[in-house]
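1. Predicted coordinates and the sequence they were generated for:
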Amino acid sequence: MIQQTLYDKLWASHAVRAEDDGTTLLYIDRHLVHEVTSPQAYEGLKVAGRGVWRKDSVVATADHNTPTDHWEEGIKDPISRLQVETLNANIKEYGAKVFFPFLDKRQGIVHVIGPENGFTLPGMTVVCGDSHTSTHGAFACLAYGVGTSEVEHVLATQTLLAKKMQNMLVQVEGDIPRGVTGKDIALAIIRRIGTAGGTGCAVEFAGSAIRALSMEGRMTLCNMAIEAGARAGMVGVDEVTLNYLKGRPYAPMGVAWDRAVAYWRTLQSDPGSKFDRVVQIDARELKPHVTWGTSPEMVVTVEDRVPDPEKEKDAVRREGMERALVYMGLQPNTAIKDIRIDKVFIGSCTNSRIEDLRAAAAVVRGRRKAANVKLALVVPGSGQVKLQAEKEGLDRIFKDAGFEWREPGCSMCLGMNADRLEPGERCASTSNRNFEGRQGTGGRTHLVSPAMAAAAGVAGHFVDVRELR
Amino acid sequence: MQKFTVHKGLVLPMDRANVDTDAIIPKQFLKSIRRTGFGQNLFDAWRYMDEGQPGQDCSKRPLNKDFVLNQARYKGASILIARKNFGCGSSREHAPWALGEYGFRAMIAPSYGDIFFNNSLKNGLLPIVLDEAKVERLFNEAAPFPGYALEINLEAQVVIKPDGDSYHFDIEPFSKYCLLNGFDDIGLTLRHAAVIRAFEDKRKIEQPWLFT
């Protein structure tokens, strides 16, 4: 028998039919829908007089535009409000398995509510009009982001047209040092292979360091696969996966659970299966990472300095570095620890789960936000994460330290709501993109782990979280 | 979808690597529930000196004169040449919508973000991949010659330069077929509805927990 990778297995089990050139119709099990990338898709269905193929595959929520404070006042921005109301109307008309609208207790970031409710299960194909759909690959799913035309295609046909990607293995071996998280592993990988390093690939993360990560850590890692250029990231099923899923509201139960588990245990790459590309990382050498530029590949460790473009030989890269330094308002050779910040953002589909909030709270406990930090926002990923954090008293720890405790949503990861950076403001952010203007026009983003963001918030500048006692 | 057969047009060089879709169309414009109206906000943060708002009249906004889109010689450009990893980042299809509405019909770059590449194909915007050396040559040839234009023949899969020299490019046969005919994928897929239904029925038996 031919040895198959996890991706090969997921691909083969969803291939409905193929064209002569290999373009394949892939069956889609789970379709996550949010307000930003769906209105034009539903309008397309309406115009063509088409219906939704399988409404019980659809899980919908409003997350990108929703405010994170004063929910009782509703959505003030009329354009945002119309988009959220359009989702309400479309779900009412076309149906869904579950819809968590704005103000619902279970509302949250689409990539947080999927796993926490058991809407995301191993062996599924999961798509969403959102590039961070790769998050769900942590559950041995083939999960990836699509555009609005493809959202419409899935709604109408339950399939997507796809070409098989290449298999890439990122193997991370060794004990993960204290203070190093899934986020740092992701940034270290992007530093190594670049933001186009995984283009055209489905990436499997494997090795002892990955097995040692919690599901939250694996989700953070798979979430950032797209920042390495890979549409899909994934991790094989193990006990950590099964323990996380057991008892989730929409996970199978009883006999169905046992039957599912028997199948899910096969969702790993066969020993000796062939990958087109392999990258090896030694976890023991990893340190906390901080981005300095306007692309996630512009990243160094907290012990380093901002690089000097003059030392870069490639002209296109050098110009990119120079432009990034101007935008970021940084001088070459500045120590990362000397960079002072104006704001902190702890949240996003990358780092807003309970474990992330616990890690940040552990740093903040008994400390105060630095005087030069104007705002430190903590935005839980979902209503359920918020509730859990409040049960554990994390909200008090943040509030006592002068951090703001908000309602769930995408928030300042992309600033579609009122949470954003002002021009020139510098932010320690647990989100996924440090692109120009991402968190607000002229805003300057440094990507870090939750503990590192919290530490920067109390120090007023970047600090090595390993040195905090 | 608009057909793509043969297109000749003025070339605009976007000389930076890793241009992300946030740069192509910033987030504030994603609040729209329509497919149109994005062209005037293409590369908004680089193109204008002020911060753009959705629904605003852009004709009176201060322009960034240094930005390539605002240079008179590139007015009416319909072929964009770019550096590696063009269109990386967010899945927003608003990016190809904005490029298309502005007037672009094709792009030439060494590589693209995967999702953006797909989204472009669905909108009749042809993403051509050429190796870095050829793209570098196009940049070098376009710079000194205002009016530098290229001809793209999708049927023959060639980019023809003003000097008559041409570059072959690869494209998936199925994508080419859809572009040449302007076909809507959904209509094509629904011809296989019975096959999809049969696959789904089998799946219900094998993995019933996915259908509860």
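-> That came through, no problem. Numbers count the residues shown, from 1 in each chain, chains lettered A, B, ... in the order given.

2. okay, CA-based contacts and neighbour counts for the rest of this
-> Will do.

3. so where's the longest strand in the chain?
-> The chain I'm using is chain A. Looking across chain A with DSSP state E, the single longest strand is strand A:166-173.

4. Chain B was what I was after
-> Chain B, longest strand under DSSP E: strand B:6-14.

5. near chain A at all, that strand?
-> No - residues of strand B:6-14 contacting chain A under C-alpha under 8 Å from any C-alpha of the partner chain: none, with a closest distance of 11.7 Å.

6. Direction included, what does that strand pair against?
-> With DSSP bridges as the test, strand B:6-14 is paired with strand B:79-82 (parallel), strand B:149-153 (antiparallel).

7. In a markdown table: the ones you listed, plus mean pLDDT.
-> Compiled in a markdown table, the strands paired with strand B:6-14 are given as follows (pLDDT from 0 to 100):
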| stretch | mean pLDDT |
| --- | --- |
| strand B:79-82 | 98 |
| strand B:149-153 | 98 |
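
8. Grab the longest helix from chain B for me.
-> In chain B, with assignment by DSSP state H, the single longest helix is helix B:193-206.

9. Now do the buried residues in that helix.
-> Under the neighbour-count criterion of 16 or more other C-alpha atoms under 10 Å in any protein chain shown, helix B:193-206 has B:196, B:199-200, B:203 buried.

10. near chain A too, which of the residues you listed?
-> Filtering the buried residues of helix B:193-206 for proximity to chain A by C-alpha under 8 Å from any C-alpha leaves B:196, B:199-200.

11. nearest to residue A:138, of those?
-> residue B:200 (24.4 Å; C-alpha to C-alpha).

12. What lies in contact with the longest strand of chain B?
-> Strand B:6-14 has contacts (C-alpha atoms under 8 Å, 6 or more residues apart in numbering or on different chains) with B:68-69, B:74, B:76-83, B:105, B:139, B:142-143, B:147-155.

13. ok now that strand, how far from the chain's centre?
-> 12 Å (C-alpha atoms, centre = their mean, to the nearest Å).

14. And the next helix or strand past it?
-> Remark: after strand B:6-14, the chain's next helix or strand is helix B:21-24, criterion DSSP states H and E.

15. So that next one, near chain A or not?
-> Yes - under the criterion of C-alpha under 8 Å from any C-alpha, chain A is reached by helix B:21-24 at B:22-23.

16. tell me the mean pLDDT for that helix?
-> Mean pLDDT, helix B:21-24: 98.

17. same check, this time on stretch A:4-18
-> Stretch A:4-18 comes out with an average pLDDT of 98.

18. Next: stretch B:195-210.
-> The model assigns stretch B:195-210 a mean pLDDT of 97.

19. what comes into contact with it?
-> A:16-17, A:27, A:29, A:159, A:252, A:256, A:260, B:211.

20. just those now: which is nearest residue A:122?
-> The closest of the contacts of stretch B:195-210, once distances to residue A:122 are taken by C-alpha to C-alpha, is residue A:260, at 8.8 Å.

21. for that closest one, what are its contacts?
-> Neighbouring residues of residue A:260 by C-alpha under 8 Å, 6+ apart: A:252, B:207, B:209.

22. how near is the second one to residue A:118?
-> To residue A:118, residue B:207 is 15 Å away according to C-alpha to C-alpha, to the nearest Å.

23. Also the last one?
-> For residue B:209, the distance to residue A:118 under the criterion C-alpha to C-alpha works out to 11 Å.

24. What of the first one?
-> Between residue A:252 and residue A:118 the computed distance is 9 Å (C-alpha to C-alpha).

25. give me the number of residues near the closest residue to residue A:416 other than its chain neighbours?
-> The shortest distance from residue A:416 to any non-neighbouring residue, by C-alpha to C-alpha, 6 or more residues apart in numbering or on different chains, is to residue A:65 (5.4 Å). Applying other C-alpha atoms under 10 Å in any protein chain shown, we find 29 residues neighbouring residue A:65.

26. And residue A:238, by the same measure?
-> 16.

27. I'd say it and residue A:263 touch.
-> No - with contact defined as C-alpha atoms under 8 Å, residue A:238 does not count as touching residue A:263 (12.0 Å).

28. picking up where we left off before, more neighbours: residue A:252 and residue A:118, which one.
-> Legend: neighbour count by other C-alpha under 10 Å for residue A:252 and residue A:118, higher for residue A:252 (22 against 18).

29. Can you tell me the SS state at the more buried one?
-> Classification of residue A:252 using DSSP: H, G, I helix; E, B strand; the rest coil returns coil.

30. Residue B:59 and residue B:41, how far apart?
-> Taking C-alpha to C-alpha as the measure, residue B:59 falls 11 Å from residue B:41.

31. re earlier: deepest-packed of the strands paired with strand B:6-14, please.
-> strand B:79-82 (a mean of 24; mean count of other C-alpha atoms under 10 Å in any protein chain shown).

32. Give me the contact list for that strand.
-> B:9-17, B:104-110, B:135, B:138-139, B:150.

33. If we use 6 Å, what do you get?
-> With C-alpha atoms under 6 Å, 6 or more residues apart in numbering or on different chains as the test, strand B:79-82 has contacts from B:11-14, B:104, B:106-109.

34. pLDDT below threshold where in the chain?
-> Reading this off chain A. Of all residues in chain A, none has pLDDT under 70.

35. interface residues of it facing chain B?
-> A:39-40, A:80, A:130-131, A:147-148, A:153, A:252 (C-alpha under 6 Å from any C-alpha of the partner chain).

36. Residue A:424: neighbour count?
-> Using other C-alpha under 10 Å, residue A:424 has 16 neighbouring residues.

37. Kindly report the same for the one 4 residues further on.
-> Residues within reach of residue A:428, counting by other C-alpha under 10 Å, total 31.
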